[in-house]
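1. following is a predicted model, sequence given first.
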Amino acid sequence: MVLASGMPINMTPIEDIQEKAVARKLTEKIRDCYDQKFTGLLKISGHKTNLWYVYLMLGRIVWAQSSQHPLRSWKRHLTVHSPTFCEQTGELAPYESWNYLALSRLVRLKQFPRDQFSKIVEDYVAEALFDILQSSMLPYEEAGEISIDVQSKEAADMPFLMLQKLQSWEKAQQDWQEWQQAGLAKLSPNWAPTIKLHRELKDQTSPQTFQTLNSFANGENTLRDLSIKLKQPIISIARSIFPYVSRQLLAFTEVSDIADEAHHGFHPETMKELAPATPPQGSPRAALSTQGPVAEKQTDGKLSSEASTSKRSRSASRDKAPTVVYIDDSPADSRAMCSIVEKLGYKYVNIQDPLQALPMLIELKPRLIFLDLVMPVANGYEVCSQIRRITAFKDIPVIIVTSNDGIADRVRAKLVGASGFMGKPIEERRILKVLNKYIPKEARRLDTA
């Protein structure tokens, strides 16, 4: 369906008021969610427009999903920010396979750069938020009343990574402002230019211009697609096309996504079922190292066989043992903790990045958490407070570990929900006392048969 055949039309005062009202309402919702450390989603809809879902964890936007062009958008940003990955995997599996779930799994396995993943997600989310802002200024007969529904969710039901410094909302607002200032408010970047009159276009343009337009203005490439393909700012491309649109030589048309089913977001109805078509080998849990293997000396074949059997038995026993997590950025302290915890028969995992603690804890389901007080970015008090916001972790023992064993520190630890306090240095007697106190005896019993 052809949508536009003339120059952009500026907003009327009534439309401008509606646009500002919806934008203000969305801004207020996002600010409230941040202040309240909200975990869940915002469902944004108009009865005649697309649906959008904006996901937040502890008040931070971690994902946004539009029902329009999810795969087309994901492919664009994957191509821009990780071209080498696309070249290496393009023949092995389609883009649909490398969705958020698949790439986030690779990130946890340290097989895909976290900074690249952050840029992909940031730009993808910014596009969805831009579309929400633009939809808010459509006439009522087209969009209907835009509504924002707030739905709380458990963090355990939201398979997202907590990425640092995502500026998606700020980027969307800036891009939308520039789009309006360029006089493009009524033009969707999701529309594709198409040639209406081939012969007339050829007669009225140079051979080089006609060749360019004939190649790209094919009704399949949206303005956003063309910006990536031509490596030019999208506003410049839109402005260069409009003279031909005003002369009825070109027009804009709606296009479908590049696949019929492009579930790269996490709609509430499908979140549980989502999985990559060709999942990477291995599990995210494999990325959480336990400080390395212990070598075994082998002598003759008999002893080697016995050692192998013993090793398998200990490994199987440890797999059944309660998991103890230590959130700390110090490799030395982690090695000391690992040596003692594993010696006592528990399964040990170290999480060095406090910002990644929540999604990892959700997956690991530990029986006890040791939490270092002094860490960069987020201290132990802040992390403990975040842990206690998740229903599944309300009763999990959280022990603050610190060299500052003062009354004020103990009081503050209690205020944020810590179960106990353990001073440094890390010693076996201290750890054993904590484990015996907080992990039931029956849970500590290992099957060594």
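-> Received, thanks. Keep in mind it's a predicted model, so treat the numbers as computed, not measured.

2. so which residues of the stretch 101-250 of the chain form helices?
-> With helices called from DSSP state H, counting those that start in this stretch, the stretch 101-250 of the chain shows them at 114-135, 140-143, 168-181, 198-204, 207-216, 223-230, 234-246.

3. ok, of those helices, where does mean pLDDT dip lowest?
-> Lowest mean pLDDT within these: helix 140-143, at a mean of 54.

4. wouldn't H69 be in contact with N190 here?
-> Yes. Proximity of H69 to N190 meets the contact threshold set by Cβ atoms under 8 Å, at 5.8 Å. Just so you know, the C-beta spots here come from the backbone N, C-alpha and C atoms, and that holds for glycine as well.

5. any residues in contact with both of these two?
-> T222 (Cβ atoms under 8 Å, 6 or more residues apart in numbering).

6. so what pLDDT did the closest residue to S118 other than its chain neighbours get?
-> Nearest residue to S118 in three dimensions, chain neighbours excluded: L163, at 4.6 Å (Cβ to Cβ, 6 or more residues apart in numbering). Here the pLDDT value assigned to L163 is 79.

7. and T194, how many neighbours?
-> The number of residues packed near T194 is 16, by other Cβ atoms under 10 Å.

8. how does the protein divide up, domain by domain?
-> 2-190+254-273, 288-444 (automatic domain parsing).

9. got the contact list for M422?
-> Taking Cβ under 8 Å, 6+ apart as the test, what M422 contacts is 370, 399-402, 430-431, 434.

10. that one bridge partners, please.
-> V401 (DSSP bridges).

11. shaky segments in the stretch 301-449 of the chain?
-> Within the stretch 301-449 of the chain, the stretches with pLDDT under 70 are 301-319, 405, 441-449.

12. got a markdown table for the domains of the chain, with distance to I234 too?
-> Below are the domains of the chain laid out as a markdown table (distance: least, Cβ to Cβ, whole Å):
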| stretch | distance to I234 |
| --- | --- |
| domain 2-190+254-273 | 6 |
| domain 288-444 | 32 |
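
13. count the neighbours of M337 for me.
-> Neighbourhood size, M337 [other Cβ under 10 Å]: 23.

14. what kind of secondary structure is I44 in?
-> Three-state call for I44 (DSSP: H, G, I helix; E, B strand; the rest coil): strand.

15. strands along the stretch 201-350 of the chain, start to end?
-> For the stretch 201-350 of the chain, applying DSSP state E, counting those that start in this stretch gives strands covering 250-253, 323-327, 347-351.

16. I228 contacts T79, correct?
-> Yes. Contact between I228 and T79 holds when scored by Cβ under 8 Å: they sit 6.8 Å apart.

17. just the C-alpha atoms of the strand or helix carrying Q65, please, in CSV.
-> In the assignment (DSSP states H and E), Q65 maps to strand 60-66. Only the C-alpha atoms of strand 60-66 are listed here, as CSV (Å, rounded to 0.1, in the frame of the first residue of the first chain):
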residue,chain,number,x,y,z
ARG,A,60,16.6,0.1,34.0
ILE,A,61,15.5,-0.5,30.4
VAL,A,62,16.9,-3.8,29.3
TRP,A,63,14.8,-4.5,26.2
ALA,A,64,12.1,-3.1,24.0
GLN,A,65,10.1,-4.9,21.4
SER,A,66,7.9,-3.6,18.5
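
18. so who does S256 touch?
-> Going by Cβ under 8 Å, 6+ apart, S256 touches no other residue.

19. ok so, going back, ok now the strand holding Q65, how far from the chain's centre?
-> Distance of strand 60-66 from the chain centroid (Cα atoms, centre = their mean, to the nearest Å) equals 7 Å.

20. tilt between that strand and helix 168-181?
-> Orientation of strand 60-66 against helix 168-181 (axes from the mean of the first three to the mean of the last three Cα atoms, to 10 degrees) gives an angle of 50 degrees.

21. could I get the phi/psi values of the nearest residue to D35 once chain neighbours are set aside?
-> Once flanking residues are discounted, D35 sits nearest to G59: 6.9 Å by Cβ to Cβ, 6+ apart. Dihedral pair for G59: phi 90, psi 0, per degrees, to the nearest 10.

22. same question, P70
-> Taking degrees, to the nearest 10 as the convention, P70 sits at phi -60, psi -40.

23. how near is it to L129?
-> 14 Å (Cβ to Cβ, to the nearest Å).

24. ok, L58 next?
-> Per Cβ to Cβ, L58 is found 19 Å from L129.

25. compare neighbour counts for the two and give me the winner.
-> Using other Cβ under 10 Å, the more surrounded residue of L58 and L129 is L129, with 26 against 18.

26. and that one, what does it touch?
-> So L129 contacts 54, 64, 168-169, 172-173 (Cβ under 8 Å, 6+ apart).

27. so V349 makes contact with P366?
-> Yes. Using Cβ under 8 Å, V349 makes contact with P366 at a distance of 7.3 Å.

28. overlap of the contact sets of those two?
-> Both V349 and P366 are in contact with 323-325, where contact means Cβ under 8 Å, 6+ apart.

29. neighbour-wise, which one of these leads?
-> V324 (28 neighbours).

30. what distance do you get for that residue to S256?
-> Separation of V324 from S256 (Cβ to Cβ) stands at 50 Å.

31. and if you look at A23?
-> Where S256 is concerned, A23 sits at a distance of 28 Å (Cβ to Cβ).
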